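Asks: Have a look at this prediction, sequence included:
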Amino acid sequence: MTRADLRTGSHDLPVSAALNEFMLTGWADTEQHDLPADDVAGWAAARRARLHELFTGERLVVPAGGHKQRSNDQNYPFRPHSAYTWLTGDQSSDGVLVIEADGDATLFLRPRSDRTNGEFFRDRVYGELWAGRRPTLGESRRRLAIPTRHIAELAPTLATSGTPTRVLRGVDQSVDALVDVAGHGDAEFASVLAELRLVKDDWEIAQLEQAVATTTRGFEDVVRALPMAMRTSERYLEGVFWQRARLEGNDVGYQSIVAAGAHAATLHWTDNDGPVREGDLLLLDAGAETRSLYTADITRVLPVSGRFTPLQRDLYELCRRANDAALECLRPGAEFRAFHRAAMTVLAYGLADLGVLPCPPEQALAEDSGLYRRWTLCGSGHMLGLDVHDCAAARASSYLDGTLAAGHVLTVEPGLYFQPDDELIPAELRGLGFRIEEDILITAEGYRMLSDGLPRHASDVEAWMHRICS
């Protein structure tokens with residue numbers, strides 16, 4: 001057997017010279033010359049100006065990232081880095097934003113397949129006949145209201161000497177390699193980019209409202225699908241919600257948590273392959289992502305039968321009271337961590353009332369103890385936006401140890417989780433999990449609940465489920 005016999009890779013048939021020449025002829029000019037600027041274009045320009053003001057005299061490089069291989073010739077669905085989209089409005093792969101020292105910005109893009117070469121029919125990743133149409137440079141320039149250049153011109157542009165350059169690193173290795181890493185403050189640059197996104201502008205708030213509205217409809221879809229889920233599994237409900245997210249938006253903003261029964265005690269249950277049984281609770285944590293890539297993040301606990309048992313109701317209402325206590329802390333100038341402390345105080349005293357704490361609640365709440373956390377381990381919320389855990393690269397002084405400001409959008413989601421094998425609690429508590437998660441906009445006056453289209457109180461949840469299914 002020869003090496004030629006062992007050839008692997010593409011299964012495409014060879015292209016003859018005659019076919020290649022024939023494929024290059026007879027194509028219409030489909031350039032779109034009258035495209036208006038996208039709604040986001042003006043907002044993105046203002047964001048770039050704010051970024052430039054913080055790094056005047058330096059060149060700033062923000063890549064979108066490229067395709068990531070799943071296996072063989074299959075890639076994962078592409079999603080650009082959030083900072084890149086926030087600054088440009090663009091969602092195409094391989095793009096790179098460069099803001100020069102004087103503030104002039106250019107978007108380096110891989111343009112539409114050129115019909116004068118074979119890429120459009122021979123390249124499975126970028127070829128138009130394989131992967132669909134990409135915008136031309138002119139179309140992107142008109143739509144995004146920013147000068148565009150071919151991505152092949154990026155390397156010689158960045159090679160020009162004498163300009164201090166910062167790069168958002170770890171997004172595109174090929175871009176990282178073009179700029180010397182030494183001494184350019186790239187870590188600070190990444191943090192500042194995240195911190196600039198903490199306060200949402202009016203356009204972003206509208207996108208988040210849209211994401212929440214789609215998510216609300218997705219939760220209603222799940223309630224209608226409960227009878228079928230009892231004949232199948234959690235996967236059916238995952239698919240039902242995903243269908244709504246894809247129909248009205250881009251996708252789900254993160255892996256949906258569809259946790260029935262004891263799976264609700266797993267904080268991030270995403271296998272979603274378990275049974276859905278009469279009498280169990282379903283913890284649904286899901287968010288739809290808009291086509292502009294902003295996501296909601298909402299959790300509700302639903303009785304599969306439509307009615308809570310007395311114990312389920314009591315524990316649900318304990319979590320709801322913790323959520324209410326957290327909400328009372330939300331206002332501009334308040335410490336970010338204050339709402340978590342308020343929620344944990346309610347839960348610790350509730351756990352004491354249940355008789356499961358090994359010490360008084362005051363002692364359990366002390367920083368050198370925290371024993372109550374055995375049943376409520378995670379934090380009570382996070383920033384929300386283009387990412388479900390938005391602005392994660394922000395420094396603690398601006399985020400976790402900072403204060404709330406008008407325009408912040410965050411989740412509030414205290415919960416209780418009783419593991420099925422926990423022998424320190426009564427048997428009737430084991431395998432129960434509760435979390436109520438709201439999406440909140442901080443306003444000048446206090447806060448506005450974006451997720452108020454879904455019920456909070458146990459009785460309202462029951463009435464809502466009955467209304468949907470009747």
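Replies: Happy to help now that I have it.
Asks: Going by C-alpha atoms from here, please, whenever you check contacts or count neighbours.
Replies: Noted.
Asks: What is the burial count for residue 335?
Replies: By other Cα atoms under 10 Å, the residues close to residue 335 number 18.
Asks: OK, contacts around it?
Replies: 401, 402, 403, 404 (Cα atoms under 8 Å, 6 or more residues apart in numbering).
Asks: Next up, phi/psi of the second one, please.
Replies: By that I understand residue 402. Main-chain dihedrals, residue 402, degrees, to the nearest 10: phi -100, psi -160.
Asks: Isn't it up against residue 338?
Replies: No. In this structure, residue 402 is not within contact of residue 338 by Cα atoms under 8 Å, at 10.4 Å.
Asks: Comparing these two, which shows the higher neighbour count?
Replies: residue 338 (18 against 15).
Asks: From residue 257, how far off is the residue lying closest to the more buried one once chain neighbours are set aside?
Replies: Counting by Cα to Cα, 6 or more residues apart in numbering, residue 338 lies nearest to residue 329, which is 6.5 Å off, once chain neighbours are set aside. According to Cα to Cα, to the nearest Å, residue 329 stands 27 Å off from residue 257.
Asks: who's more crowded, those two?
Replies: Neighbours were counted for residue 329 and for residue 257 using other Cα under 10 Å; residue 257 has more, 24 against 20.
Asks: Quick one: residues contacting the more buried one.
Replies: With Cα under 8 Å, 6+ apart, residue 257 has these contacts: 238, 268, 269, 270, 272, 283, 284, 285, 286.
Asks: Between all of those, which two are at the greatest distance?
Replies: The most widely separated members of those, counting by Cα to Cα, are 238 and 268 (14.0 Å).
Asks: helix, strand or coil for the closest residue in space to residue 153 that isn't next to it in sequence?
Replies: Spatial nearest neighbour of residue 153, excluding adjacent residues (Cα to Cα, 6+ apart): residue 108 at 7.5 Å. Three-state call for residue 108 (DSSP: H, G, I helix; E, B strand; the rest coil): strand.
Asks: Show me what residue 108 is bridged to.
Replies: residue 96, residue 149 (DSSP bridges).
Asks: quick one: it and residue 146 touch, right?
Replies: No. The criterion here is Cα under 8 Å, and residue 108 misses it with residue 146 at 10.2 Å.
Asks: ok, back up a step: from the contacts of residue 335, which would you call buried?
Replies: Buried positions within the contacts of residue 335, assessed by neighbour count (16 or more other Cα atoms under 10 Å), are 403, 404.
Asks: Most widely separated two among the contacts of residue 335?
Replies: For these, and using Cα to Cα, no pair is farther apart than 401 and 404, which are 9.9 Å apart.
Asks: which residues do the two both contact?
Replies: When contacts are counted by Cα under 8 Å, 6+ apart, the set common to residue 401 and residue 404 consists of 335, 336.
Asks: if you skip the residues just before and after it, what's nearest to residue 301?
Replies: Closest to residue 301 by Cα to Cα, 6+ apart is residue 283, at 4.5 Å.
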